[in-house]
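> coords please:
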Amino acid sequence: MNPRRAAGTAFVAVTVAGLASGCLSSNTTSSGNGSAAAGPGKSTIEVMYGFGNEQETAFQKDVKKFAAANGITIKFTKAASFDTEIRTRVAGGNAPDVALFPQPGVMCGLAKQNKIQPYDDATVATDKATLVPGFVGAGTCPDGKVYGLPAAVSVKSLVWYDQAAFKAGGYTVPTTLDEMLTLTDKIRSDGKVPWCIAAESGQATGWPITDWIEDLVLRLAGPDNYDKWVKGELKFDSPEIKPAFDYFQKIAFTDGNVLGGTKAIVSTNFQTGGNSLFKSPPGCYLFKQATFIAGKGGFPDAVIAKLDTTAGVTAFPPKVAGNNPVETGGDLSAAMNNDANTLKVRNFIASKENGIEAAKAGYFSPHKGFDVTLYPSQTLQKIAKDVLYAASAARFDGSDLMPPKVGAGTFWTQPTAWISGQQDLTTSLDNIDKSFPKSGS
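Numbering: from 1, shown residues only. As a prediction, this is how the structure comes out:
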């Protein structure tokens, strides 16, 4: 899940459920073949997105430069609640020209109603040649057409630690999932707490656990089964998927493994839950979280100020060393009409030429040949080079790909009930499976 949409998502999860039923109506049209409408193109193109702060400023600089060189004026619109606002605008016949979707499921719901313009095959082929393997699939909808391609992305498959504390303990980063269990046991046997795990996020409590499970499914079941799972073709309680929950249970439910104990996971805030890494003595030694945690509001300011020498980071390890997929979040660039300049702007946002200013602000390009020296810290350069661009395959956040009643509903609430001791794992998985919409519904 994308953390910036955590607040208010309970409302979004309910209201977005009508997408798949085709209940929206709009004057927005799509030719459906990826070609531009005849004519010179609109002079002003509206681009709508949900991100802010440094990312918004950097994104605007990148797009403005392209637009100026092509005689286009850009109207930037920031949505406080993107998923809600994009559906409202489409329903009112007032869609923006280009939209950056953080949830592929929402995008595909609109594409099913012919409200989004697909990419042409040539553009897809050009971008696919430089994208981390698997990213095209994030924007491919059930009809087989590509409606969105990624702009900046975040990296979720990370484990953080305190460099000094790790060195003092004589620990080394794990290179496989088995080694991570061995390291966990070693730290606990030394009389220390191995993990901080934090899942509290207001009405969206539970989403950080989905990131754990998604990374484990990618590794234990493989990318192909991951794809089947997010589509509902493999159940949560299936032999392919359940081992991910079993692995998580070994870490999270073993006495002494988690700071505060298992039940504290759901009451520990996801943004500050890893700060105990840097206490003296450390409250924990390992913390799984995406790249945003190393920014304002995450790790302590003193740590962020000296990130390269304080925080250590490594890839969430693979099942077998050397074959490591990566889970990401981000935004997919999509066109809401087939105006020539709309398509030009959409295509640029998704291209390898975009993202120079965004990189300087610390946001990753999804294109594996991107110049990593543009990233502002050694830590981010390491994540880009050794995790994102070295990945055997990339997959978008699974909960964002799933139907909202699951991905932003039962996939949050049922594991939370399990972790807090309200019900067993079998009940939780069965409840999620029962909530998954039937095929074609």
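
> For the nearest residue to Asp190 once chain neighbours are set aside, list the residues it contacts.
Nearest non-adjacent residue to Asp190, counting by C-beta to C-beta, 6 or more residues apart in numbering: Gly169, 6.7 Å away. Using the backbone N, CA and C atoms, a C-beta is placed for each residue, glycine as well. Gly169 makes contacts with 187, 190, 192, 285, as judged by C-beta atoms under 8 Å, 6 or more residues apart in numbering.

> Write the PyMOL selection for whichever of these are buried.
To isolate the buried subset of the contacts of Gly169 in PyMOL, counting by 16 or more other C-beta atoms under 10 Å, use the following:
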select buried, resi 187+192+285
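
> can I assume Thr342 sits in a strand?
No: read with DSSP: H, G, I helix; E, B strand; the rest coil, Thr342 is helix and lies in no strand.

> How about the contacts made by it?
41-42, 45, 97-98, 117, 335-336.

> Next one: the closest residue to Thr175 other than its chain neighbours relative to Ile187, how far apart?
Among residues not flanking Thr175 along the chain, Ala321 sits closest, at 4.7 Å (C-beta to C-beta, 6+ apart). From Ala321 across to Ile187, the span is 21 Å (C-beta to C-beta, to the nearest Å).

> what's the neighbour count on Gln113?
Other residues near Gln113 come to 18 when the count uses other C-beta atoms under 10 Å.

> Phi and psi next, for Ile419.
Note on Ile419: backbone dihedrals following degrees, to the nearest 10 are phi -60, psi -40.

> Now for it: which residues touch it?
By C-beta under 8 Å, 6+ apart, the residues touching Ile419 are 199, 209, 252, 262-263, 265-266.

> Now list the buried members of those.
Buried by 16+ other C-beta under 10 Å: 199, 209, 252, 262, 265-266, out of the contacts of Ile419.

> what sits against the residue nearest in space to the middle of the chain?
Residue closest to the average C-alpha location in the chain (C-alpha atoms, centre = their mean): Gly329, at 1.9 Å. Going by C-beta under 8 Å, 6+ apart, Gly329 touches 1-2, 102, 153-154, 156, 290, 396-397, 400.

> which one of the residues you listed is nearest Asp162?
Closest approach to Asp162 among those (C-beta to C-beta): Ala290, at 18.1 Å.

> Please determine how far the closest one is located from Ile432.
22 Å.

> In contact with Ala393: list those residues for me.
Taking C-beta under 8 Å, 6+ apart as the test, what Ala393 contacts is 132-134, 218, 223, 325-326.

> In strands, which of these appear?
Of the contacts of Ala393, the ones assigned to strands by DSSP state E are Val326.

> Switch the contacts of Ala393 over to a markdown table; also include pLDDT.
Listed next are the contacts of Ala393 as a markdown table, based on pLDDT from 0 to 100:
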| residue | pLDDT |
| --- | --- |
| Val132 | 94 |
| Pro133 | 93 |
| Gly134 | 92 |
| Leu218 | 98 |
| Pro223 | 96 |
| Pro325 | 95 |
| Val326 | 97 |
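
> Go through the contacts of Ala393 and name the one nearest Ala350.
Among those, and counting by C-beta to C-beta, the member closest to Ala350 is Val132, at 13.2 Å.

> That closest one: how many residues sit nearby?
Val132 has 25 nearby residues by other C-beta under 10 Å.

> Also the one 10 residues further on?
Residue crowding around Pro142 was assessed by other C-beta under 10 Å; the count is 10.

> got a list of what Tyr226 touches?
Counted by C-beta under 8 Å, 6+ apart, Tyr226 has contacts 214, 217-218, 395, 398.

> looking at this, it is in a helix?
Yes: per three-state DSSP, Tyr226 lies within a helix segment.

> Quickly note the distance from it to Ala244.
Tyr226 is 10 Å from Ala244, where distance means C-beta to C-beta.

> Okay, buried residues for the top helix by length along the chain please.
Longest helix in the chain, counting residues (DSSP state H): helix 53-69. In terms of neighbour count (16+ other C-beta under 10 Å), helix 53-69 has its buried residues at 54-56, 58-60, 62-63, 66-67.

> out of these, who's nearest Gly362?
Proximity of those to Gly362 (C-beta to C-beta) peaks at Glu54, which lies at 7.1 Å.

> how about the nearest residue to the closest one, chain neighbours excluded?
Take Glu54 and drop its neighbours on the chain: the residue closest to it by C-beta to C-beta, 6+ apart is Ala361, 4.4 Å away.
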